[in-house]
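Participant: fold the following, please.
(one chain, ligands or ions: 2)
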Amino acid sequence: MPNQAKTLLKSVFGYDEFRPLQAEVIEHILQRNDALVVMPTGGGKSLCYQIPALIFEGLTIVVSPLISLMKDQVEQLQQVGVSAILLNSSLSPRAYSENLQKIKNREVRLLYVAPETLLKQNILTLLESVPVDCLTIDEAHCISEWGHDFRPEYRQIARVRQRFPGAVCVALTATATPRVQEDICASLHIEQPRKFIASFNRENLFLRVAAKVDPFSQTLEFLQQFPNQSGIIYCFSRKQVEMLADSLAARSFSVRPYHAGLADEVRKQNQELFIRDDVQIIVATIAFGMGINKSNVRFVIHYDLPKSIESYYQEIGRAGRDGLRAECLLLFGMGDTQKIRYFIDQKEDPQQRRTAYYHLDKLVDYAETGQCRRIPLIRYFGEDYQATECEMCDNCTQEKQEQIDLTIAAQKFFSCIYRTGQLFGSGHIIDVLRGSEAQKVIQHGHHNLSTYGIGLEYSKKQWAHLARQFVRQGYLSKDPQYGSLKLNEKSRLVLGGKEKFYGTLQEDVQHRRSAAPETYDSALFELLRRERKRLADLANTPPYVIFSDKTLSEMAAYFPQSEQSLTAIHGVGAAKLEKYGESFLAIIRDYCSRKGIAERPKSGPAAFPQPRRRVKGLSRTVQIGEAFNSGRSIPELMQEHGIKLSTLLSHLYKFLQDGRPLRNGDFLSHSRLSPEQQRRVLQVFEQLGAERLRPVFDAFDGKIAYDELHLLRLHFLSR
Ligand code: ADP
Ligand code: ZN
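Facilitator: Ligands and ions are numbered 1, 2, ... in the order given. I've put the predicted structure just below:
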């Protein structure tokens, strides 16, 4: 049996491994034992009953309180080729009766149903006439008056349970309190209740708390790290939501507000735009998020203090459901706590005041802790969290503030500003430096500049961090209106080699269980993302239903170019391979042939989380450098990697620059210069140094091509 489950996991859902507890729960259910499953949001509850549903002969009924959640689940199941349908009041009469017919014909594996629909006599009679193997109660905490979301109609499901004596009962929730858990088991008469309680540690969330100094600027700075990515900003009040959304929109962010004061249609529309990746950011009061399954939320900002650790945990939990790294920033201001204290003091009931103070204190403890943030957070939920360092919070990864010589980086950056006419902001400059194929780069012909692609040694984030230092330290001025960066006297001195630049380099930390953006090819990712959006719009479905961010990032890390290698990618099951395989393969093949990139084997499921390359471009450099050192010739390497001479030479140079020794290959034999010319060039290197080629180029009045200079420099340096 478990084998069958594992096979289905890959062939239908495209996943290699079960998440913690999934396998145990599935086996338990398949043996027809009732279960209560408690997992944090994003933990992977759905598979726990979906895989048994595929193995059972009869129907699996899933009761779910929210129409949007049901729709989402059914869509995702249909995408992977599972016959799932829903019954609720949102269906047209025709669709409704079609679905009834499908149940009668026993064509359906999973039926999602609203509680009030399930309680209808005619529906019950229909369902009793077909074999039902499993009754699943999603969001089961709605059963409990102690839960935060009690729904009276949920209580009555208990009665329904008796009508399906042969069905095993599975209740699922993300609510951790023992009180609610007891309530669920008691009201559903879950026999010999077996509880499965997963850890509340969401390892892929990076937790950061910053003193709230200038929240708007802090937010802008934070957002710079997430171009084109989805995120939520939570505010305390509607007014704050409106103001912040307006200010961000004025800065051309793609953003919509969401709060209880908006008309229903507006709210619904804004949410839909967000889910479909048509809008990047939602600014919301806490009202936003229930019933959202969007898996590719990459950041959550708390602009104001949340109400309690519970609500904070729930809100950050909406990020990173695909298991990829996501960032959570809490802006913590003493003014906010005073405001909340004031509101608490207005409460009449002393008991209420006490609980409110308790929640506030716990939250302040969390914000002010100098320990790993996961300690106060996870222990709050009564879990015995033992680790002392998680490496995924600000306290565990404090930057080392050592000032180092970053003159070369500064020169690259400044010269790129110069060559692009001092008209662009840092994002664009970084794109050029990192050889991005973004439309804007190509449109301006910036892929033809000599500074194109010379900055691969640092990640986007590291460059952005550097750029902020350049501005802060007065080497660049920033146009207040357009954000374009301009050189000044100070930067010119650095450019001319007359002054050095000292600053800090952000550590490019890689993380367990997550693929940091640096581990995949971000230009390819962007092309794949656009294709996903196109297909999603065609299919009228949210993009993450087609493929998750994790799937795209694996494609952009392994470059699969055949159906077989595509199947090894996370999230690619048989149905999706058939539907979308060709579209994505075409893009990958085209990209790889243009860039001369070969497919990388994905060797087993464990391979991905271990970053193979610290910085994009680096591993290729190391590969090439090592191959060269082991005796491979220049023409052989050009052919093997499908690259031009100049590209090869710049890899070898970078290899040297990284402090690795390079053998003195016969560089000179590839030069077309006469021995006399070669001698003179080497002399000039002797005089001017070999760090920059431009002065050497100028010294010969531009008569000696850069390729030649590159060759001779390598000869010069590897002697
Ligand atoms: P929950 O209902 O617990 O909030 P979901 O069931 O929606 O979580 O799962 C969250 C995400 O994780 C989904 O995108 C799902 O496809 C994915 N997922 C679930 N199980 C696995 C697994 N074993 N391997 C990889 N991804 C998984
Ligand atoms: Zn930590």
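Participant: just the helices in the stretch 601-719 of the chain please.
Facilitator: Ranges of helices within the stretch 601-719 of the chain are 618-629, 634-641, 645-657, 675-688, 694-699, 706-718, based on DSSP state H, counting those that start in this stretch.
Participant: mind listing what's buried along the shortest one?
Facilitator: Of the residues in helix 694-699, those scored as buried under the neighbour-count criterion (16 or more other Cβ atoms under 10 Å) are 696, 697, 699. Heads up, the C-betas are built off the backbone N, CA and C, glycines and all.
Participant: what is the mean pLDDT for it?
Facilitator: The pLDDT scores in helix 694-699 average 80.
Participant: identify the residues contacting it?
Facilitator: When contacts are defined by Cβ atoms under 8 Å, 6 or more residues apart in numbering, helix 694-699 is touched by residues 681, 684, 685, 688, 690, 704, 706, 709.
Participant: what's near enough to touch the closest residue to residue 454 other than its chain neighbours?
Facilitator: Closest residue in space to residue 454, ignoring its immediate chain neighbours: residue 412 at 5.7 Å, by Cβ to Cβ, 6 or more residues apart in numbering. The contact partners of residue 412, by Cβ under 8 Å, 6+ apart, come to 433, 451, 454, 455.
Participant: neighbours of the third one, how many?
Facilitator: Yep, that's residue 454 we're talking about. The tally of other residues near residue 454 (other Cβ atoms under 10 Å) stands at 18.
Participant: sec struct for it, please.
Facilitator: Following DSSP: H, G, I helix; E, B strand; the rest coil, the label given to residue 454 is coil.
Participant: please apply the same query to the second one.
Facilitator: Assigned with three-state DSSP, residue 451 falls in the coil class.
Participant: work out for me the element the nearest residue to it once chain neighbours are set aside sits within.
Facilitator: Residue nearest to residue 451 in three dimensions, not counting chain neighbours: residue 416, with 4.1 Å by Cβ to Cβ, 6+ apart. Using DSSP states H and E, residue 416 sits in helix 407-419.
Participant: gap between that helix and the chain center?
Facilitator: On the basis of Cα atoms, centre = their mean, to the nearest Å, helix 407-419 sits 30 Å off its chain's mean C-alpha point.
Participant: what comes up buried for that helix?
Facilitator: 407, 408, 409, 410, 411, 412, 413, 414, 415, 416, 417.
Participant: packing partners of whichever helix or strand comes after it?
Facilitator: Next helix or strand after helix 407-419 toward the C-terminus (DSSP H and E): helix 426-433. Using 3 or more Cβ pairs under 8 Å, 6 or more residues apart in numbering; DSSP states H and E as the contact test, the elements touching helix 426-433 are helix 407-419, helix 439-443, helix 460-472.
Participant: closest to ligand 1 out of those helices?
Facilitator: Evaluated over these, closeness to ligand 1 peaks at helix 460-472, with 25.0 Å, by Cβ to the nearest ligand atom.
Participant: what angle sits between the closest one and helix 407-419?
Facilitator: With axes from the mean of the first three to the mean of the last three Cα atoms, to 10 degrees applied, the angle from helix 460-472 to helix 407-419 works out at 80 degrees.
Participant: kindly export helix 460-472 (C-alpha atoms) in CSV.
Facilitator: Output in CSV follows, covering the C-alpha atoms of helix 460-472 (Å, rounded to 0.1, in the frame of the first residue of the first chain):
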residue,chain,number,x,y,z
LYS,A,460,21.2,40.6,-7.2
LYS,A,461,20.7,41.1,-3.5
GLN,A,462,24.4,41.7,-2.8
TRP,A,463,24.5,44.2,-5.6
ALA,A,464,21.5,46.0,-4.3
HIS,A,465,23.1,46.1,-0.9
LEU,A,466,26.2,47.6,-2.4
ALA,A,467,24.2,50.1,-4.4
ARG,A,468,22.6,51.4,-1.2
GLN,A,469,26.0,51.9,0.3
PHE,A,470,27.3,53.8,-2.7
VAL,A,471,24.4,56.2,-2.3
ARG,A,472,24.6,56.4,1.5
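Participant: that helix: which residues count as buried?
Facilitator: Residues of helix 460-472 classed as buried: 460, 461, 462, 463, 464, 465, 466, 467, 468, 469, 470 (neighbour count, 16+ other Cβ under 10 Å).
Participant: could you check the angle helix 426-433 makes with it?
Facilitator: 130 degrees.
Participant: so what touches helix 460-472?
Facilitator: Helix 460-472 has contacts (Cβ under 8 Å, 6+ apart) with 221, 224-225, 406, 409-410, 413-414, 426-427, 429-430, 433-434, 455, 458, 476-478, 485, 491, 501, 503-506, 508, 517-518, 522.
Participant: show me what the residue nearest to residue 479 when sequence neighbours are not counted is bridged to.
Facilitator: Nearest residue to residue 479 in three dimensions, chain neighbours excluded: residue 486, at 6.9 Å (Cβ to Cβ, 6+ apart). Residue 486 has these beta-bridge partners by DSSP bridges: residue 477.
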